[in-house]
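In: whatever this is, show me its structure:
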Amino acid sequence: MTVHRPHRHDSALKHASGQALYIDDMPEPAGTLHAALILSPIAAGRLRKLDLSPSAAAPDVVAVLGPADIPGKNDVAPVGQNEPLFATDQVSHAGQPLAMVVARTLDAARHAAERAIVDIEPGEPILDIETALEKKAYVQAPSTLQRGNVDVALKSAPHRLSAEFRVGGQEHFYLEGQIAFALPGEDGDIVVHSSTQHPTEVQHICAHLLGCDFNRITAVVRRLGGGFGGKESNASWVAGAAALAAHHTGQPVKLRLPREVDMIATGKRHPFLYRYTVGFDGEGRVLALDAMLAADAGWSLDLTPGVMARALCHTDNAYWIPHFRAVGYPCRTNKQSNTAFRGFGGPQGVVVMEDALDRIACHLGRDPDDVRALNFYGDGGKETPYGQTVDENHLPRVWAELRRDAEIDQRRAEIAAFNRTSPILKRGLSLFPLKFGISFNIPHMNQAGALVHVYTDGSIRLNHGGTEMGQGLFTKVAQVVAEVFKVDLDRVRASATSTGEVPNTSPTAASTGSDLNGWAAYEAANTIKQRMVAFAAEHFGTAPDDIEFADGNVRIAKPGSNQVLSFGELARLCHLGRVSLSSTGYYKTPKIHWDPVAMRGRPFFYYSFGAAAAEVAIDTLTGESRVLRADLVQDCGTSLNPAIDLGQIEGAFVQGQGWFTCEELWWDAKGLLRTVGPSTYKIPGSRDAPAIFNVKMLDNAPAAEATIFRSKAVGEPPLMLATAVWNALKDAIAATISEGSDGKAAVRLDAPATPERILAAVAQLKGAKTK
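Out: Below you'll find the predicted structure:
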């Protein structure tokens with residue numbers, strides 16, 4: 001069996017040896033030009049003058065392009081409209097592209113871009129969520145997800161609590177920055193090599209800008225050096241700019257953003273502000289929740305509608321809430337247009353109930369783990385606020401196995417003893433459960449195509465609409481095809497994703513890459529296999545049921561004898577018999593539906609469950625923190641590739657840990673982003689990973705729905721398991737005013753929990769105790 005085994009990533013050795021080719025490694029044809037952007041230096045205002053003549057006069061400059069040079073429509077919006085490639089009148093954020101220089105060398109382009117004279121009449125920028133709420137500045141109308149009668153339930157609840165907190169954004173910090181390489185061909189055709197998660201959107205945006213049919217543009221992606229959502233929509237306008245330059249010059253053009261420009265010009269994870277009131281009984285059972293979730297969308301719509309919808313649909317997380325209301329405000333600010341990021345609103349949704357349940361436990365003097373378990377979906381209720389039933393609920397089992405394997409009760413006692421004798425260092429331990437929905441929120445995006453060729457030597461070529469960004473998608477889908485034909489994995493070769501081979505693709509996002517493309521590839525391979533079976537049965541005079549594919553061979557059972565051919569031999573016979581050995585495959589996710597106005601339906605094909613326990617230590621003098629240990633249990637169904645999935649779980653958790661602890665984006669009072677590189681923006685390093693890191697995939701838990709070989713998605717859910725770190729930090733802070741780590745004090749801790757915020761939380765807690 002090829003699936004369910006830990007095969008190595010197809011590019012692992014090339015990654016480690018530097019042989020994997022990324023766009024900037026591609027040989028440059030003679031005459032290749034290089035582009036650089038001219039950006040707005042201020043956050044808001046009216047563009048009075050843009051003098052590009054100094055840039056045009058600079059050495060080696062071939063062209064300087066602005067809004068007037070766009071033959072099609074000056075709009076690169078992935079959703080809706082009115083996101084210009086180059087600003088024309090109003091400037092909406094610092095770092096917004098105004099124009100582009102094309103030169104014979106990269107240095108010449110960048111130096112020339114600095115010569116442009118930009119005159120902007122400053123406006124008054126909106127730089128925070130509170131101001132946007134006050135001014136009712138939104139990128140779309142607020143949306144509400146509700147069930148029951150929240151007001152009556154809150155009024156009658158035995159206990160009520162209200163709180164406010166916030167979480168910050170997060171830079172994607174992919175190792176390969178945004179880059180595109182556009183090569184013009186005959187009759188206006190352009191091939192665009194793009195570091196994108198969404199080749200079809202690249203195709204469409206380029207065509208919109210150039211005013212041509214989609215069939216003139218071919219987007220090609222062999223691999224990305226990381227994406228995490230940051231190359232779902234942002235990569236499209238970068239590719240569009242490169243295509244525009246290639247169109248005007250008739251020469252190949254490469255546009256790559258240096259790290260600082262990348263961070264200044266592109267969107268990030270949405271920061272959120274929360275205000276909520278929760279009603280509950282004396283045991284800690286939640287009766288009602290009334291929550292406000294306000295997102296900093298940045299200056300334009302981008303993918304905010306989907307992010308906000310998913311955040312609202314995950315505000316319940318793993319918990320049954322009889323009376324529920326969550327209102328989402330997508331706030332417009334004069335910052336970069338925030339976009340997709342691993343989790344896509346899910347991480348910002350699940351934190352609400354985590355904060356609420358910690359406060360409930362503090363208020364009642366109960367164990368927060370018990371309060372969490374008390375509120376799980378189950379006998380009390382199984383329907384989410386949006387109307388989907390929580391079936392196949394593995395969470396009780398995941399929770400029990402985590403508590404057992406992580407020795408929670410024993411360690412809590414040890415931590416309490418440590419904290420009693422340690423006045424400076426305090427330790428905390430907390431758990432986090434997760435229910436995460438898998439599918440795109442927009443039903444039509446849940447489809448995929450594939451193309452499979454079998455050659456007469458038995459080798460197989462595979463193409464599909466998914467992109468490989470280090471997550472192992474190409475390997476997993478190749479495993480599916482190898483499993484269909486029962487051949488060794490090395491007989492299947494995946495080729496670069498191309499809109500010229502598989503059209504109309506969905507983005508590789510929402511943890512759906514293997515689910516969608518795996519099934520599409522299966523359908524294509526199985527179509528060919530059935531043709532081969534039918535031919536073999538006729539050719540050898542036997543029944544189709546007597547044809548068996550196994551171990552790279554094909555066995556034909558006939559009365560009194562068996563005949564064995566290699567897979568390649570049968571492929572040759574099929575070709576001689578004029579049997580097509582090529583097929584497309586198509587898959588659309590069944591059962592899902594969604595009403596975005598009523599906020600009701602079944603937006604997810606299935607749920608992924610997980611749980612984590614994190615132990616942390618804080619220094620109460622400096623505010624520094626460390627994650628000492630993390631124990632994770634993740635529901636992967638029956639994993640297609642346990643080795644790759646293990647890496648995804650570990651990497652996602654550490655990325656989530658960075659969001660909760662050290663990755664702080666900071667804008668000055670004028671709206672200029674000042675954290676624009678690794679010297680000022682701190683992603684987790686190898687020494688930040690938990691010293692003890694135990695990861696387990698739930699055994700014997702095949703997906704109940706008809707997923708590909710009963711596997712489940714793994715890209716996004718484990719990132720949210722890092723919420724346990726945030727919970728544990730609050731537990732450690734609470735220990736500063738109590739004898740043990742018993743969680744008896746409610747703590748407000750905004751994320752990221754930097755040393756400054758930890759110190760502030762400790763000071764606030766101690767100050768509250770003295771009042």
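In: hey, where'd the helices end up in the stretch 651-771 of the chain?
Out: Using DSSP state H, counting those that start in this stretch, the helices of the stretch 651-771 of the chain run over 717-720, 723-734, 755-770.
In: same for the first one, what does it pack against?
Out: Spelled out, it's helix 717-720. The contact analysis (3 or more CB pairs under 8 Å, 6 or more residues apart in numbering; DSSP states H and E) places helix 717-720 against helix 346-364, strand 425-438, strand 606-619, strand 625-634, helix 642-661. (C-beta placed from N, C-alpha, C; glycine too.)
In: alpha carbons of the first one, as CSV, please.
Out: It stands for helix 346-364. Extracted in CSV, the C-alpha atoms of helix 346-364 (Å, rounded to 0.1, in the frame of the first residue of the first chain):
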residue,chain,number,x,y,z
GLY,A,346,-10.5,30.3,12.8
PRO,A,347,-7.7,31.3,15.3
GLN,A,348,-9.4,34.6,15.9
GLY,A,349,-12.7,32.9,16.5
VAL,A,350,-11.8,30.2,19.0
VAL,A,351,-10.1,32.5,21.5
VAL,A,352,-13.4,34.1,22.6
MET,A,353,-14.7,31.1,24.4
GLU,A,354,-11.2,30.2,25.8
ASP,A,355,-11.1,33.5,27.5
ALA,A,356,-14.7,33.3,28.7
LEU,A,357,-14.3,29.8,30.1
ASP,A,358,-11.1,30.7,32.0
ARG,A,359,-13.0,33.6,33.6
ILE,A,360,-15.9,31.4,34.4
ALA,A,361,-13.6,28.9,36.2
CYS,A,362,-12.0,31.8,38.1
HIS,A,363,-15.4,33.2,39.1
LEU,A,364,-16.7,29.8,40.4
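In: so which bits of it are buried?
Out: Of all the residues in helix 346-364, those buried under the rule 16 or more other CB atoms under 10 Å are 346-363.
In: distance of V76 from I70?
Out: To I70, V76 is 10 Å away according to CB to CB, to the nearest Å.
In: who's more crowded, these two?
Out: Just comparing V76 and I70: by other CB atoms under 10 Å the higher neighbour count belongs to V76, 26 against 22.
In: excluding its backbone neighbours, what's nearest that one?
Out: Among residues not flanking V76 along the chain, W237 sits closest, at 3.9 Å (CB to CB, 6 or more residues apart in numbering).
In: how about that neighbour, secondary structure?
Out: What DSSP: H, G, I helix; E, B strand; the rest coil gives for W237 is helix.
In: the lengthiest helix in the chain packs against which elements?
Out: Using DSSP state H to define each element, the chain has its longest helix at helix 513-540. Packing partners of helix 513-540 (3+ CB pairs under 8 Å, 6+ apart): strand 447-454, strand 460-464, helix 473-485, strand 547-550, strand 553-558, helix 567-576, strand 582-588.
In: now the residue of the chain most remote from its centre: how far from S55?
Out: Centroid-distance maximum for the chain: G560 at 56.6 Å, with CA atoms, centre = their mean. Counting by CB to CB, the gap from G560 to S55 is 83 Å.
In: re earlier: list the contacts for the residue nearest to V76?
Out: V76, E83, L85, P97, I205 (CB atoms under 8 Å, 6 or more residues apart in numbering).
In: determine which two of the residues you listed are furthest apart.
Out: P97 and I205 (13.6 Å; CB to CB).
In: ok, these two, which is more surrounded?
Out: Each of P97 and I205 has its neighbours counted (other CB under 10 Å); I205 has more, 33 against 20.
In: list phi and psi for that one.
Out: Backbone torsions of I205, given as degrees, to the nearest 10, read phi -60, psi -40.
In: and the one 10 residues further on, by the same measure?
Out: In terms of degrees, to the nearest 10, the main-chain angles of N215 are phi -70, psi -10.
In: nearest to V597 among the contacts of W237?
Out: Nearest member of the contacts of W237 to V597, counting by CB to CB, is E83, at 23.7 Å.
In: now the residue nearest to the closest one when sequence neighbours are not counted, what's its secondary structure?
Out: Leaving aside its sequence neighbours, E83 sits nearest to A77 (CB to CB, 6+ apart; 3.8 Å). Taken by three-state DSSP, the conformation at A77 corresponds to coil.
In: A77 is in contact with S300, isn't it?
Out: Yes. Counting by CB atoms under 8 Å, S300 is a contact partner of A77 at 7.0 Å.
In: report the set of residues contacting both of the two.
Out: Common neighbours of A77 and S300 are listed as E83 (criterion: CB under 8 Å, 6+ apart).
In: the two - which one has more neighbours?
Out: Using other CB under 10 Å, the more surrounded residue of A77 and S300 is S300, with 25 against 19.
In: any idea how far that one is from Y138?
Out: S300 is 12 Å from Y138, by CB to CB.
In: with mean pLDDT and distance to A295 added, can I get the helices and strands packed on helix 717-720 in a markdown table?
Out: Output for the helices and strands packed on helix 717-720, formatted as a markdown table (pLDDT from 0 to 100; distance: least, CB to CB, whole Å):
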| stretch | mean pLDDT | distance to A295 |
| --- | --- | --- |
| helix 346-364 | 98 | 7 |
| strand 425-438 | 98 | 18 |
| strand 606-619 | 98 | 23 |
| strand 625-634 | 98 | 26 |
| helix 642-661 | 98 | 15 |
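In: out of the ones you listed, which gets nearest to E501?
Out: helix 642-661 (23.9 Å).
In: just the CA trace of that closest one, in PDB.
Out: Output of helix 642-661 as PDB, limited to C-alpha atoms (Å, rounded to 0.1, in the frame of the first residue of the first chain):
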ATOM      1  CA  PRO A 642       2.200  10.300   8.700                       C
ATOM      2  CA  ALA A 643       5.700  11.700   8.200                       C
ATOM      3  CA  ILE A 644       4.500  14.700   6.300                       C
ATOM      4  CA  ASP A 645       1.500  15.200   8.600                       C
ATOM      5  CA  LEU A 646       3.700  15.100  11.700                       C
ATOM      6  CA  GLY A 647       5.800  17.900  10.200                       C
ATOM      7  CA  GLN A 648       2.700  19.900   9.500                       C
ATOM      8  CA  ILE A 649       1.400  19.600  13.000                       C
ATOM      9  CA  GLU A 650       4.700  20.600  14.600                       C
ATOM     10  CA  GLY A 651       5.300  23.500  12.200                       C
ATOM     11  CA  ALA A 652       1.700  24.800  12.600                       C
ATOM     12  CA  PHE A 653       1.900  24.700  16.400                       C
ATOM     13  CA  VAL A 654       5.100  26.700  16.400                       C
ATOM     14  CA  GLN A 655       3.700  29.200  14.000                       C
ATOM     15  CA  GLY A 656       0.700  29.600  16.200                       C
ATOM     16  CA  GLN A 657       3.000  30.000  19.200                       C
ATOM     17  CA  GLY A 658       4.700  32.800  17.400                       C
ATOM     18  CA  TRP A 659       1.400  34.600  16.900                       C
ATOM     19  CA  PHE A 660       0.500  34.300  20.600                       C
ATOM     20  CA  THR A 661       3.900  35.200  22.000                       C
END
